[in-house]
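In: A structural model of the following input is requested.
(one chain, ligands or ions: 3)
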Amino acid sequence: MVKICCIGAGYVGGPTMAVIALKCPDIEVAVVDISVPRITAWNSDQLPIYEPGLDDVVKQCRGKNLFFSTDVEKHVCEADIVFVSVNTPTKTRGLGAGKAADLTYWESAARMIADVSKSDKIVVEKSTVPVKTAEAIEKILTHNSKGINFQILSNPEFLAEGTAIEDLFKPDRVLIGGRETPGGQKAIQALKAVYAHWVPEENIITTNLWSAELSKLAANAFLAQRISSVNAMSALCEATGANVSQVAYAVGKDTRIGPKFLNASVGFGGSCFQKDILNLVYICECNGLPEVAEYWKQVIKINDYQKSRFVNRVVASMFNTVSNKKIAILGFAFKKDTGDTRETPAIDVCKGLLGDKACVSIYDPQVTEDQIQRDLTLNKFDWDHPLHLQPMSPTTVKQVSVVWDAYAATKDAHAVCILTEWDEFKSLDYKRIYDNMQKPAFVFDGRNVVDTEKLREIGFIVYSIGKPLDAWLKDMPAIA
Ligand code: UDX
Ligand code: UDX
Ligand code: ADP
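Out: Ligands and ions are numbered 1, 2, ... in the order given. Okay, the predicted model is just below:
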């Protein structure tokens with residue numbers, strides 16, 4: 001029986017391994033992590049991450065051919081294939097701070113693999129890492145190998161949160177990069193055989209190591225660029241009276257452009273986009289390509305601009321002051337159907353409003369109060385260090401309250417900001433909300449989920465990203 005071990009039981013490692021176990025009953029899969037609470041949660045009924053369909057998959061395989069354990073060394077030692085899916089934060093200190101990837105966790109995982117291995121292994125890079133990381137890892141492994149043969153593969157994961165299980169069941173493609181040597185090719189075939197249990201052969205792409213590593217950074221940069229492009233258009237739409245949804249629809253009808261990923265928003269979030277682009281920028285700079293670096297940097301600049309534009313719009317509309325005003329925040333996760341808040345635009349928007357002395361009342365169906373308080377007190381880039389290394393009881397922000405329903409959040413509020421596109425926000429009783437709010441009552445829809453006209457009929461002053469402005473908002477222009 002082939003044995004797989006995955007180091008890192010996070011958003012990527014957990015769901016990916018669960019699906020491999022489900023689709024490959026002949027393979028034994030162990031997911032290991034140094035975090036005891038995380039592994040305990042994976043072994044309980046309350047999984048550590050919320051992902052539609054995940055519970056079901058885990059229930060079907062756990063205890064049969066899927067195991068979660070903190071005994072990292074034992075499972076690595078026994079495995080034929082070791083996936084490494086640890087976190088790769090942005091460096092906060094030293095060379096490349098604020099841009100380069102911090103490979104501390106990766107390096108310590110690699111050294112541990114070299115230490116405990118007694119048989120040949122295929123080591124698979126699963127977390128997104130800078131191009132040429134595989135080469136560095138290969139060096140660590142071979143210089144400490146005691147005669148053991150390690151083959152390094154890059155197999156980046158393209159799943160999106162909220163649809164992880166769907167994406168894993170039917171991936172657009174699986175990408176496997178390896179050395180162009182006979183040993184490298186043999187390793188590629190071994191990993192290909194795992195995915196071939198359920199992925200059609202034509203969707204499994206094989207490349208050299210560097211192409212695989214770079215493709216992942218490139219794919220995320222292209223996706224983020226689409227959002228910054230449509231968000232840049234949204235600002236122009238507001239200035240001209242065009243409607244960004246109409247523009248995006250018309251543009252997306254061109255088959256060369258395509259209709260997906262063109263929703264204007266308060267900004268993109270998530271653990272990947274910003275981090276991977278910063279990483280790409282750093283790599284370009286290190287390779288003497290400042291023009292290319294500058295080009296990609298702009299994608300992040302527009303995203304930051306979009307978030308601050310939103311805050312400015314809120315403040316400007318409310319007579320240039322939100323001091324002591326209650327503002328309801330609906331949605332805190334970085335997108336719907338996940339409880340993940342990493343790099344969520346809600347953090348920047350809330351921090352912006354708090355900076356102007358607002359009192360925010362936050363409701364999100366999946367995010368806990370602890371998480372929100374932690375997010376609003378953490379420094380930039382600190383989020384990607386494992387939870388167990390972070391202080392567990394951060395100072396709470398007094399102007400913040402977290403409530404468990406949208407009606408409590410909006411009661412007596414001056415304004416509502418919708419920051420995540422949860423389906424339930426489409427069907428709230430907005431008349432009831434309006435009746436319980438201060439007047440004038442504002443809705444700032446950062447995800448374009450509400451029916452603007454209907455809300456205006458109720459009496460709200462409504463701002464929707466990239467949509468023609470209310471007369472009120474035209475009179476109070478936001479300065480970005
Ligand atoms: C992304 C990539 O999609 C995935 O392939 C990669 O493996 C990891 O990074 P993820 O961050 O989980 O996945 O979610 P995604 O659906 O890409 O959304 C990222 C952010 O962009 C979210 O904040 C989302 O709300 C925002 N977004 C997305 C928009 O603002 N508009 C869109 O049209 C699409
Ligand atoms: C373009 C638009 O495609 C068309 O919809 C619009 O009405 C007018 O402008 P055109 O300039 O005639 O059409 O040709 P197009 O095929 O878009 O190519 C434009 C340039 O981009 C060419 O120099 C072409 O060689 C280049 N190109 C195109 C690339 O370098 N790479 C590509 O992948 C595609
Ligand atoms: P991703 O979104 O890429 O899956 P996460 O931060 O959710 O990233 O998960 C990474 C996991 O890797 C964390 O649970 C962390 O505890 C774990 N981890 C980091 N370093 C090691 C290590 N050396 N050995 C085992 N697990 C590790």
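
In: C-alpha from now on. contacts and neighbour counts both.
Out: Fine.

In: pretty sure Ala409 contacts Ile362?
Out: Yes - in terms of CA atoms under 8 Å, Ala409 counts as a neighbour of Ile362; the distance is 6.1 Å.

In: spit out the residues that contact the two alike.
Out: Counting by CA atoms under 8 Å, 6 or more residues apart in numbering, the contacts common to Ala409 and Ile362 are 328-330, 402-403.

In: return the subset of those lying in strands.
Out: Among the shared contacts of Ala409 and Ile362, the members falling in strands (DSSP state E) are 328-330, 402.

In: turn those residues into JSON lines, including pLDDT, neighbour count and distance to Glu138.
Out: Below are those laid out as JSON lines (pLDDT from 0 to 100; neighbours: other CA atoms under 10 Å; distance: CA to CA, whole Å):
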{"residue": "Ala328", "pLDDT": "98", "neighbour count": "28", "distance to Glu138": "51"}
{"residue": "Ile329", "pLDDT": "98", "neighbour count": "26", "distance to Glu138": "47"}
{"residue": "Leu330", "pLDDT": "98", "neighbour count": "27", "distance to Glu138": "46"}
{"residue": "Val402", "pLDDT": "97", "neighbour count": "20", "distance to Glu138": "47"}
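
In: and those as TSV, adding distance to ligand 3?
Out: Formatted as TSV, these follow (distance: CA to the nearest ligand atom, whole Å):
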residue	distance to ligand 3
Ala328	29
Ile329	25
Leu330	24
Val402	24
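
In: out of those, which comes closest to ligand 1?
Out: Leu330 (13.9 Å; CA to the nearest ligand atom).

In: now the residue nearest to the spatial centre of the chain, what's its secondary structure?
Out: Closest to where the C-alpha atoms of the chain average out (CA atoms, centre = their mean) is Gly270, at 2.5 Å. Classification of Gly270 by DSSP: H, G, I helix; E, B strand; the rest coil places it in coil.

In: same question for Phe310.
Out: helix.

In: residues contacting the nearest residue to it once chain neighbours are set aside?
Out: Computed as CA to CA, 6 or more residues apart in numbering, the closest residue to Phe310 that is not its neighbour in sequence is Val266, at 6.6 Å. Contacts for Val266 were tallied using CA under 8 Å, 6+ apart; they are 306-307, 310, 345, 419, 446-447, 465.

In: who wins on neighbours among the residues you listed?
Out: Neighbour counts for the contacts of Val266 peak at Leu419, which has 30 neighbours (criterion: other CA atoms under 10 Å).

In: what stretches of the protein score poorly on pLDDT?
Out: Along the chain, the model assigns pLDDT under 70 to residues 386-395, 478-480.

In: near ligand 3, which residues of it are found?
Out: Residues of the chain found near ligand 3 (CA under 6 Å from any ligand atom) are 7-13, 33-35, 85-87, 105, 108-109, 127, 386.

In: the residues you listed in strands, which ones?
Out: Ile7.

In: filter the residues of the chain next to ligand 3 to the buried ones?
Out: Among the residues of the chain next to ligand 3, the ones that count as buried by 16 or more other CA atoms under 10 Å are 7-13, 33-35, 85-87, 105, 109, 127.

In: so which bits of this protein are right by ligand 1?
Out: For the chain, the residues in contact with ligand 1 (CA under 6 Å from any ligand atom) are 157-161, 220, 227, 261-265, 267-270, 272-273, 334-335.

In: now with 5 Å, please.
Out: Residues of the chain found near ligand 1 (CA under 5 Å from any ligand atom) are 158-161, 261-263, 265, 268-270, 272, 334-335.

In: please pick the buried ones from these.
Out: Buried, going by 16+ other CA under 10 Å: 158-159, 161, 262-263, 265, 268-270, 272, 334-335, out of these.

In: what's the one helix or strand Glu457 maps to packed up against?
Out: Taking DSSP states H and E as the definition, Glu457 sits inside helix 452-458. On a contact count with 3 or more CA pairs under 8 Å, 6 or more residues apart in numbering; DSSP states H and E, helix 452-458 meets helix 430-435, strand 461-464.

In: give me the residues contacting stretch 17-34.
Out: Residues contacting stretch 17-34 (CA under 8 Å, 6+ apart): 1-9, 13-14, 39, 57-58, 60-61, 65-72, 75, 165, 168-169, 194-195, 197-198.

In: near Gln46, how many other residues are there?
Out: Neighbours around Gln46, by other CA under 10 Å: 11.

In: now do the contacts for it.
Out: Not one residue lies near Gln46 by CA under 8 Å, 6+ apart.

In: now it: phi and psi?
Out: Main-chain torsions, Gln46, degrees, to the nearest 10: phi -110, psi 90.

In: separation between it and ligand 1?
Out: Going from Gln46 to ligand 1 by CA to the nearest ligand atom, to the nearest Å gives 21 Å.

In: equivalent analysis for Asp348, please.
Out: From Asp348 to ligand 1 the distance is 13 Å (CA to the nearest ligand atom).

In: go ahead and confirm that residue touches Arg309.
Out: No - the pair Asp348 / Arg309 is not scored as a contact, 11.1 Å apart, by CA under 8 Å.

In: so which strand or helix has the closest residue to Val244 other than its chain neighbours?
Out: Sequence neighbours aside, Gly466 is the residue nearest to Val244 in space, at 5.0 Å (criterion: CA to CA, 6+ apart). Under the criterion DSSP H and E, no helix or strand holds Gly466.
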